[in-house]
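only geometry, no sequence info:
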């Protein structure tokens, strides 16, 4: 697997794949520069909490698209160059499927680390007065990566399955909108929409009083059982998609 | 001579339609086995099954004396190079990088990259991105990749497809040198009879998934006996004489065509014609081309 992963990174030379998470990180930075202008002392007092509330919502919108582009970029090089039939004579289908997925996951991890860094940097640059809750911060990072991985599993499968990358990209784009709008749907509906799971695991809940124009947050207990179930779903999805892919003749 | 590839009762069906039927293929070591057949005959499907890219519906495959299965497939194919249908390459990588990647996958020293680049005459373009290569160059890059690691067996599916005449000639001569130069066994498919005629030492003719003929190329040519064309001063009268002698002549292009004759029978024919005062103006042996042989075997011409 180590060798297969090394080869995947070699394939990524001159492909500028790193530019994809970097572009989305830049969007996030610009968004934060815009949001952090002229903060009041009350706003500074819930600075970190607000970011841990806001980032999952942003991720619901941005990450499905980013993941779709990422998977498509890395899988399309195999499709364009008609390399799969050659690769299958050199490595097992499973090794190919797994190493490509882990390569994509590496860039997803870079994005998650980038987001975490932005949260820390915002606190330092804008002098938030509250303390960063490290448990909630860790939960945010873990959720962003794990939900991202589950979506990546789907996009990875679709991008390798279809020779035309338009369909996986459309699904990714639709996922972005679905993820955002699912937050306005009843929970019985939104629970079936994986793209909304970034917000599903939010560590804080926001309250807004329209009369006093006051905003405050209450911490939410982390749904560990749901998180473990998501992990199990992810692993099951990966194994199923891997088996379907391995059975396919080229 | 060792058998490098042996298939037994190999079958492949797609949606209950047989693409390959009961194929018993035997490829001997050091040979260039020409796999001949029209488009859709099942050549690529067979090659894909040999490489484990398609699963046989029935039958067994033995490569290097080992029966291939899902577990030992990769280790068996480690000593095999292939070029199936179109060349495989990463367009954003240079030719050299493409080969370095393959060398890493095949666990072959990177130094071999230079060697195979010179074999396929791509040294001058090694730093160019593969996407800017012409089709012929991509095909040569594919062949270079297949040659990496000096495999004992090379499977080439229509390697001259899409090449210009010069490229075809170059690819052909390159393939012809492989057994002597590197001790490789080559299985090359083509729908072009002339191509196989110029490259192969052995030939297998496949049509509609069935193997119609399999032997050495010389045996194929021997099995198709040449016709004799005779043009005389009086073909009509000569035809009657031939019939009296027990032949069944036909008349084509202003000459009488007879099946191949032994020297003694031909001497007899000459004597009879001379006795009847019929002069022989032209006599020629009509060597049957592969096209004729294919027509004879399949009952239809090659597309």
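Alright, I've got the coordinates. Nothing here was measured: the structure is a model prediction, and the numbers come from that model. Numbering: from 1, shown residues only, chains lettered A, B, ... in the order given.

every contact and neighbour count from this point should use C-alpha atoms.
OK.

enumerate the residues of chain A near chain B.
Residues of chain A found near chain B (Cα under 8 Å from any Cα of the partner chain) are A:3-4, A:7, A:10-11, A:13-15, A:77-78, A:80-86, A:88-92, A:249-250.

list buried residues within the residues you listed.
Among these, the ones that count as buried by 16 or more other Cα atoms under 10 Å in any protein chain shown are A:4, A:7, A:10-11, A:77-78, A:80-86, A:88-92.

just the ones of those in helices?
Residues of these located in helices (DSSP state H): A:4, A:7, A:10, A:11, A:77, A:78, A:80, A:84, A:85, A:86.

quick check: the farthest pair among these?
Distance extremes for these: the farthest pair is A:4 and A:80 at 19.9 Å, using Cα to Cα.

pretty sure residue A:169 contacts residue A:69?
Yes: Residue A:169 lies in contact with residue A:69 (Cα atoms under 8 Å); the separation is 6.6 Å.

tell me the secondary structure at residue B:21.
Put simply, residue B:21 is strand when judged by DSSP: H, G, I helix; E, B strand; the rest coil.

give me the pLDDT for residue B:302.
Looking at residue B:302, its pLDDT reads 56.

oops, could you answer that again for residue A:109 instead?
Note for residue A:109: predicted pLDDT of 97.

and it, how many neighbours does it have?
18 (other Cα atoms under 10 Å in any protein chain shown).

contact partners for it?
Residue A:109 makes contacts with residue A:145, as judged by Cα atoms under 8 Å, 6 or more residues apart in numbering or on different chains.

which helix or strand lies directly C-terminal to the helix or strand containing it?
Assigned by DSSP states H and E, residue A:109 belongs to helix A:93-125. Moving toward the C-terminus from helix A:93-125, the next helix or strand (DSSP H and E) is helix A:134-161.

next SSE downstream of that following helix?
Assigned by DSSP H and E, the successor of helix A:134-161 is helix A:166-181.

what average pLDDT does that following helix get?
93.

what angle do the least confident helix or strand in chain A by mean pLDDT and helix A:134-161 make?
Taking mean pLDDT, DSSP states H and E as the measure, chain A has strand A:214-219 as its least confident helix or strand, at a mean of 83. Relative orientation of strand A:214-219 with respect to helix A:134-161: 80 degrees, computed using axes from the mean of the first three to the mean of the last three Cα atoms, to 10 degrees.

tell me the strands beside strand A:214-219, with direction?
Using DSSP bridges, the strands paired with strand A:214-219 in its sheet are strand A:204-209 (antiparallel).

now the strand it pairs with: buried residues?
For strand A:204-209, by 16+ other Cα under 10 Å, it's residue A:204.

contacts for it next, please.
A:49, A:52, A:53, A:214, A:215, A:216, A:217, A:218, A:219, A:220.

how's chain B carved up into domains?
B:3-222, B:225-287 (automatic domain parsing).

and the longest one, how far apart are its ends?
Going back to what we said before, that points to domain B:3-222. 23 Å (Cα to Cα, to the nearest Å).

that one near chain A anywhere?
Yes: remark: domain B:3-222 sits within contact range of chain A at B:51-55, B:74, B:77-78, B:82-84, B:86-93, B:101, B:104-106, by Cα under 8 Å from any Cα.

so which residues of chain B form helices?
Using DSSP H, helices in chain B cover B:43-50, B:73-77, B:95-106, B:111-119, B:135-147, B:165-182, B:193-199, B:217-223, B:235-244, B:263-275, B:290-298.

redo these as JSON lines? Include mean neighbour count and mean pLDDT.
Shown next, in JSON lines, are those (neighbours: other Cα atoms under 10 Å in any protein chain shown; pLDDT from 0 to 100):
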{"stretch": "helix B:43-50", "mean neighbour count": "23", "mean pLDDT": "95"}
{"stretch": "helix B:73-77", "mean neighbour count": "19", "mean pLDDT": "92"}
{"stretch": "helix B:95-106", "mean neighbour count": "22", "mean pLDDT": "95"}
{"stretch": "helix B:111-119", "mean neighbour count": "18", "mean pLDDT": "93"}
{"stretch": "helix B:135-147", "mean neighbour count": "24", "mean pLDDT": "92"}
{"stretch": "helix B:165-182", "mean neighbour count": "15", "mean pLDDT": "89"}
{"stretch": "helix B:193-199", "mean neighbour count": "18", "mean pLDDT": "87"}
{"stretch": "helix B:217-223", "mean neighbour count": "14", "mean pLDDT": "80"}
{"stretch": "helix B:235-244", "mean neighbour count": "16", "mean pLDDT": "90"}
{"stretch": "helix B:263-275", "mean neighbour count": "13", "mean pLDDT": "88"}
{"stretch": "helix B:290-298", "mean neighbour count": "16", "mean pLDDT": "74"}
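
kindly reformat those as CSV containing distance to residue A:128.
Formatted as CSV, the helices of chain B follow (distance: least, Cα to Cα, whole Å):
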stretch, distance to residue A:128
helix B:43-50, 63
helix B:73-77, 57
helix B:95-106, 49
helix B:111-119, 57
helix B:135-147, 58
helix B:165-182, 69
helix B:193-199, 77
helix B:217-223, 84
helix B:235-244, 112
helix B:263-275, 109
helix B:290-298, 84
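
which one of these lies nearest to residue A:122?
helix B:95-106 (41.5 Å).

rewinding a little: and the least confident helix or strand of chain A, how far out from the chain's middle?
26 Å (Cα atoms, centre = their mean, to the nearest Å).

mind listing what's buried in that strand?
In strand A:214-219, counting by 16+ other Cα under 10 Å, buried: nothing.

would you mark the buried spots in the following helix or strand past that strand?
Once strand A:214-219 ends, the next helix or strand along the chain (criterion: DSSP H and E) is helix A:224-247. For helix A:224-247, the neighbour count (16+ other Cα under 10 Å) marks A:227, A:230, A:231, A:234, A:237, A:238, A:241, A:242, A:245, A:246 as buried.

separation between the second one and residue A:186?
I take that to be residue A:230. 20 Å.

quote the end-to-end distance of stretch A:193-202.
15 Å.

wait, I meant stretch B:28-37
Terminal residues of stretch B:28-37 are spaced 20 Å apart (Cα to Cα).

centre-most residue in chain A?
Taking Cα atoms, centre = their mean, the centroid of chain A lies closest to residue A:148, which sits 3.3 Å from it.

hmm, it is touching residue A:66, no?
No: with contacts counted by Cα under 8 Å, residue A:148 stays clear of residue A:66, the gap being 9.8 Å.

hang on, the earlier thing: now do the helix holding residue A:109 and helix A:134-161, the angle between them.
Going by the same axes, to 10 degrees, helix A:93-125 makes 140 degrees with helix A:134-161.

and helix A:93-125, what's buried?
Counting neighbours by 16+ other Cα under 10 Å, helix A:93-125 gives A:93, A:95-101, A:103-105, A:107-116, A:118-120, A:122-123 as buried.

contact partners for residue 25?
In the absence of a named chain, chain A is used. A:111, A:114, A:115.

meant chain B actually
Neighbours of residue B:25 in contact, by Cα under 8 Å, 6+ apart: B:5, B:6, B:7, B:8, B:204, B:214.

what separates it from chain A, distance-wise?
To chain A, residue B:25 is 20 Å away according to Cα to the nearest Cα, to the nearest Å.

what values do phi and psi take at that residue?
Geometry field for residue B:25 lists phi and psi as phi -100, psi 140, criterion degrees, to the nearest 10.
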